[in-house]
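Predicted coordinates and the sequence they were generated for:
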Amino acid sequence: MELKRSTTLLLNLGHALDHMFLLIFATAVASVAVDFGFARWEDLMPYSAGAFLMFGLGSVPAGRLGDLWGRRSMMLIFFFGMGASALLCALVQNAWQMAIALSVLGLFSAIYHPVGIPMLLQHAAKPGQTIGINGLAGNMGIAFAAILTGFTVKYIGWRAAFVIPGLLSLACGFLFLRLAPPETESPSRRTTRAKVGLAKPQLARMFMVMTFAAITSSLLFNFTTNGNGQLMRERFAGIVDDPAQLGIMLAAVYAIASFSQVIVGRLIDRFAIKRLYLAIVLLQIPMFLLAAHAQGWMLFWMQIGFMVMIFGAIPFTDAMVVRYVDDAYRSRVSGMRLAVSFSVASLAVYSLGPAVKSAGFDSLLLAMAAIAGCSAAIVAFLPDEPSTQTAAGAA
């Protein structure tokens, strides 16, 4: 039995809010830096690393509670906790208070991926398509973070950029409480089996590849989504300087790139994962190399190019979980994978400002091309698997 449309809509909206909240600070960091007395935004950026560290570490208990206690209950904590912590961010008065508030925000944001996505997929007839649409929603949250924060900072102030989505999250929590049906049993008691069975050595190999590929993709995701706004601001200096207009342009980059997840999701339902995944991560390399020295509008098109490939790679880890892991364990497996990948990726957020300050965005983009090369080498170790259609026919 599939979820009600209203519950599905709220789960997808939750994904949008999750990504949006984590990028409000990165989008508004230049204005926050001025308010807190920092000469450069790069010096304030490391204070947000705690949010991404907690986003990773919090995934383990969130996944465990999702399986053993209930995914609906955890999603209620997600919506209400995100809303309250966003309002807390709007009240802070200095950098260390912001670091603490963002860490609390990161802890609540950790709930969504190991809980919301397995809840969405537990009865999905076409999991790849469902993942693609959910990914589109999440990345639209990134786009709205750029455009809403840009306009709010310009016309109201950076504090309102936290208040408005915070109130929206609280409203979603009340709607979810009213509309999402209660769970009759905890997910850990369910008997839904994985779609494709793998032998234990293959399964262990798949987990290893999935974890290391998630680390490299998380590094690229966090370097780009936290740095794109300032990259665009630097490379468009003298061409476009208005923060609201830059916000619209960055939102356009994310909105266009987001549709790659829908396309990839449909392809995952039809074909084996390995070749698709490898092709996308290989295409990331030339995009970063071309972007390294691009300026103005050429950079804009290169940003679309590498974000298409970064967003296009996102559905694969969730697709591997739903294809190879029984439903009773999916939240815990997702939580452990996210804990490793996002904890390591928090280093990207911490080092972003200092790296740009010392070496510049051109060196950072070249480093990201190297990381994409590592991703390709890792994905090449995935076990071979027949297409979904072939596997289904054999069954």
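Nice, I can see it.

which SSE is G238 in?
Under DSSP states H and E, no helix or strand contains G238.

For it, grab the count of nearby residues.
For G238, the tally of surrounding residues (other C-beta atoms under 10 Å) stands at 6. (C-beta placed from N, C-alpha, C; glycine too.)

And A339, which helix or strand is it part of?
Judged by DSSP H and E, A339 forms part of helix 330-359.

just checking, next helix/strand downstream of that helix?
helix 361-379.

just checking, what packs against that following helix?
helix 200-235, helix 273-291, helix 330-359 (3 or more C-beta pairs under 8 Å, 6 or more residues apart in numbering; DSSP states H and E).

Apply 10 Å and report the result again.
If contacts are counted by 3 or more C-beta pairs under 10 Å, 6 or more residues apart in numbering; DSSP states H and E, helix 361-379 sits against helix 200-235, helix 273-291, helix 296-313, helix 330-359.

Specify the angle between that helix and helix 273-291 in degrees.
Computed by axes from the mean of the first three to the mean of the last three C-alpha atoms, to 10 degrees, the angle separating helix 361-379 from helix 273-291 equals 170 degrees.

Please shift the residue numbers so they start at 832 in all later answers.
OK, 832 is where the count begins now, so the last one is helix 1192-1210.

Name the residues of helix 1192-1210 that come out as buried.
1192, 1195-1196, 1198-1200, 1202-1204, 1206-1207, 1209-1210 (16 or more other C-beta atoms under 10 Å).

Just name the closest of those residues to G881, please.
When these are compared for distance to G881 (C-beta to C-beta), L1195 wins out at 21.5 Å.

got a pLDDT number for the closest one?
Listed pLDDT for L1195 reads 86.

Check A1223 too.
So A1223 comes in at 38 (pLDDT).

Please apply the same query to the one 3 residues further on.
Predicted confidence (pLDDT) for A1226: 33.

Wait, P1012 touches K835, no?
Yes. Contact criterion C-beta atoms under 10 Å: P1012 and K835 qualify, at 6.8 Å.

picking up where we left off before, can I get the buried residues of helix 1192-1210 in JSON lines with distance to P1146?
Below are the buried residues of helix 1192-1210 laid out as JSON lines (distance: C-beta to C-beta, whole Å):
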{"residue": "F1192", "distance to P1146": "28"}
{"residue": "L1195", "distance to P1146": "25"}
{"residue": "L1196", "distance to P1146": "24"}
{"residue": "A1198", "distance to P1146": "25"}
{"residue": "M1199", "distance to P1146": "20"}
{"residue": "A1200", "distance to P1146": "22"}
{"residue": "I1202", "distance to P1146": "19"}
{"residue": "A1203", "distance to P1146": "17"}
{"residue": "G1204", "distance to P1146": "21"}
{"residue": "S1206", "distance to P1146": "15"}
{"residue": "A1207", "distance to P1146": "17"}
{"residue": "I1209", "distance to P1146": "17"}
{"residue": "V1210", "distance to P1146": "14"}
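
what's the distance between the helix holding A1170 and the middle of its chain?
Relative to its chain's centre, helix 1161-1190 lies at 11 Å (C-alpha atoms, centre = their mean, to the nearest Å).

buried set for that helix?
Quick answer for helix 1161-1190 (16+ other C-beta under 10 Å): 1161-1177, 1179-1184, 1186-1187.

Let me know the angle separating that helix from helix 1192-1210.
Going by the same axes, to 10 degrees, helix 1161-1190 makes 150 degrees with helix 1192-1210.

Now for V1071, how many residues are close by?
Residues near V1071, counting by other C-beta under 10 Å: 17.

how close does it sit to I987?
Counting by C-beta to C-beta, to the nearest Å, the gap between V1071 and I987 amounts to 21 Å.

Which strands or helices does the helix or strand hosting P996 pack on?
P996 is part of helix 989-1010 when elements are defined by DSSP H and E. Judged by 3+ C-beta pairs under 10 Å, 6+ apart, helix 989-1010 is in contact with helix 836-866, helix 902-922, helix 926-940, helix 958-986.
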